[in-house]
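Undergrad: let's see this in three dimensions:
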Amino acid sequence: MDVIVCVKKVPDTAEADVSVDAGGREINKERLTFAINEWDNYAVEEAIRLKEEDEGTVTVVTVGGKDKEDILRRSLAMGADKAIRVDMEDPEDSFVLANVLCTLIKDQKFDLVFFGAQSGDFNSGVTGAMVARMLGISHAAMVNGVEVLDGSIKASRELEGGLNEIYEIKLPALFTIQTGINEPRYVSISGIRKARKKPLDVMTPEDVGVTEVKPMLSLEKMYLPPPGKIAEIIGGSPEEAAAKLASLLKEKGAF
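TA: Next up is the predicted model:
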């Protein structure tokens, strides 16, 4: 089973004070730490597990500058066999990024392509589906279970309300992987040592065969949402508080 995993490096904003820079089109990154996108980490782990069960290879791919190579090295240390970085500015538009990845992937050997279900920065969740359409292969989103069959994959897909649906999808195929599908392994010292000997190829857009693609979207402005109103504490006896709450809800149009 040969699997290609597309990964992205994103800022960790979970416990950080995020602010918009003076240009209004980017966040201030000076005090932020960056790491592999959480959903992509699960995708790498799932690809490695498939390789361990059914042999084959795992190739990790990213688009961006040299500073993105640490997430590729980390994936190699986890157990991936090869890494490729397309050396270009990370596209703001998912359509442009999908074109770059499709052009690269179509010339590679693969049975499966994995993306994370979404990215932790823009959360658009569309790049994987775009690449699948451009490649002309079947795809499933929000996949939380994978079982290899003879020439196909049984994929469990997460729906709303705690429901799952199960598909049998012929190969080749593309899945966007949901968190919780597995437990990503820690990177061991021996894995780090082995990763140094594994190939990490750097390709220019010209090497890949990428032609200029007109973006479908352009980022004009970024801003933090305005703070909401301060919460109101309702005092008094239970009867008084209930009457006050009912009055407020009626005033706000709740009923």
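Undergrad: make it CA atoms for all contacts and neighbour counts henceforth
TA: Will do.
Undergrad: residues near Leu159, how many?
TA: As a burial measure, Leu159 scores 12 neighbours (other CA atoms under 10 Å).
Undergrad: residues contacting it?
TA: Each residue near Leu159 by CA atoms under 8 Å, 6 or more residues apart in numbering is listed here: Met142, Glu165.
Undergrad: against Pro238, how distant is it?
TA: Going from Leu159 to Pro238 by CA to CA, to the nearest Å gives 40 Å.
Undergrad: and if you look at Asp207?
TA: Following CA to CA, the distance that separates Asp207 from Pro238 is 72 Å.
Undergrad: what do you get for Gly161?
TA: Using CA to CA, we find Gly161 at a distance of 34 Å from Pro238.
Undergrad: what about these two, which has more around it?
TA: More neighbours surround Pro238 than the other of Gly161 and Pro238, with 10 against 6 (other CA under 10 Å).
Undergrad: tell me the confidence at the more buried one?
TA: Model confidence at Pro238, given as pLDDT, is 90.
Undergrad: and Glu232, by the same measure?
TA: 79.
Undergrad: ok, Lys29 next?
TA: At Lys29, the model reports a pLDDT of 80.
Undergrad: phi, psi of it?
TA: The main-chain torsion angles of Lys29 are listed as degrees, to the nearest 10 and equal phi -110, psi 0.
Undergrad: can you give me the strands in this structure?
TA: Using DSSP state E, the strands of the chain run over residues 3-6, 9-11, 34-36, 58-63, 82-86, 112-116, 138-148, 152-158, 164-170, 173-177, 200-203.
Undergrad: residues making contact with the second one?
TA: What it means is strand 9-11. Contacts to strand 9-11, defined as CA under 8 Å, 6+ apart, come from residues Lys29, Leu32, Thr33, Phe34, Ala35, Ile36, Asn37, Lys68, Ile71, Ser119, Gly120, Asp121.
Undergrad: what pairs with that strand, parallel or antiparallel?
TA: Using DSSP bridges, strand 9-11 pairs in its sheet with strand 34-36 (antiparallel).
Undergrad: before we move on, what about the first one?
TA: The strands that strand 3-6 pairs with in its sheet are strand 58-63 (parallel), strand 112-116 (parallel) (by DSSP bridges).
Undergrad: Ile189: which of the ones you listed is closest?
TA: Of all the strands paired with strand 3-6, it is strand 58-63 that lies closest to Ile189, at 19.8 Å by CA to CA.
Undergrad: for the record, mean pLDDT for the closest one?
TA: When pLDDT is averaged along strand 58-63, the result is 97.
Undergrad: by how many degrees do it and strand 82-86 diverge?
TA: On the basis of axes from the mean of the first three to the mean of the last three CA atoms, to 10 degrees, strand 58-63 is oriented at 10 degrees to strand 82-86.
Undergrad: where exactly do the helices run in the stretch 101-250 of the chain?
TA: Taking DSSP state H, counting those that start in this stretch to define them, one finds helices in the stretch 101-250 of the chain at 127-135, 189-195, 205-208, 238-251.
Undergrad: just those helices: most buried one?
TA: Each of these was given a mean neighbour count from mean count of other CA atoms under 10 Å, and the largest, a mean of 20, is that of helix 127-135.
Undergrad: tilt between it and strand 138-148?
TA: When the same axes, to 10 degrees is applied, the directions of helix 127-135 and strand 138-148 differ by 110 degrees.
Undergrad: report the rounded mean pLDDT for helix 127-135.
TA: Per-residue pLDDT values over helix 127-135 give a mean of 96.
Undergrad: appreciated, that's everything.
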